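Undergrad: Only the shape, not the letters, is given here:
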């Protein structure tokens, strides 16, 4: 999995490419947590390049969503592929 992050207007965009599974999901979680700790509270997760997501990936997304909710932030998703949206 490849991760990239950048600021766009008032949002922080996290671009995910590849596969999010039990091996790579913790990397996604850590990447997002680091930005949250730096003060980002509105994340947009761009999943256009995500080919596969397991339940471990879904768990990491839920953890990030709960963390953001606890600080008054939010997470949104963009460009979900059909097989990822199904998960």
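TA: The structure has been received and is ready for your questions. In this text the structure is predicted, and so the values were computed from the model without any measurement.
Undergrad: What residues sit buried inside the lowest-mean-pLDDT helix or strand in the chain?
TA: Lowest on mean pLDDT, DSSP states H and E among the helices and strands of the chain sits helix 82-86, with a mean of 78. Neighbour counts using 16 or more other Cβ atoms under 10 Å place residue 84 of helix 82-86 among the buried residues. For every residue, glycine as well, the C-beta is placed using N, CA and C.
Undergrad: Run through who's touching that helix.
TA: Residues from elsewhere that reach helix 82-86 (Cβ atoms under 8 Å, 6 or more residues apart in numbering): 47, 50, 51, 52, 53.
Undergrad: for stretch 11-22, same thing?
TA: Against stretch 11-22 from outside (Cβ under 8 Å, 6+ apart): 1-7, 24, 28, 31-32, 35, 40, 42-54, 56-57, 60, 76.
Undergrad: 6 Å - rerun?
TA: 1-2, 4-6, 28, 35, 40, 42-47, 49-54, 56-57 (Cβ atoms under 6 Å, 6 or more residues apart in numbering).
Undergrad: Partner strands of the lengthiest strand in the chain, with direction?
TA: Identified as the longest strand of the chain according to DSSP state E is strand 42-53. With DSSP bridges as the test, strand 42-53 is paired with strand 11-20 (parallel), strand 74-78 (parallel).
Undergrad: In the beta-sheet assignment, what are the partners of residue 18?
TA: residue 50.
Undergrad: thinking again about what came up before, now the longest strand of the chain: average pLDDT?
TA: Mean per-residue pLDDT for strand 42-53: 94.
Undergrad: continuing past that strand, what's the next helix or strand?
TA: Using DSSP states H and E, the helix or strand that follows strand 42-53 towards the C-terminus is helix 55-70.
Undergrad: between that following helix and strand 11-20, how big is the angle?
TA: Using axes from the mean of the first three to the mean of the last three Cα atoms, to 10 degrees, the inter-axis angle of helix 55-70 relative to strand 11-20 is 160 degrees.
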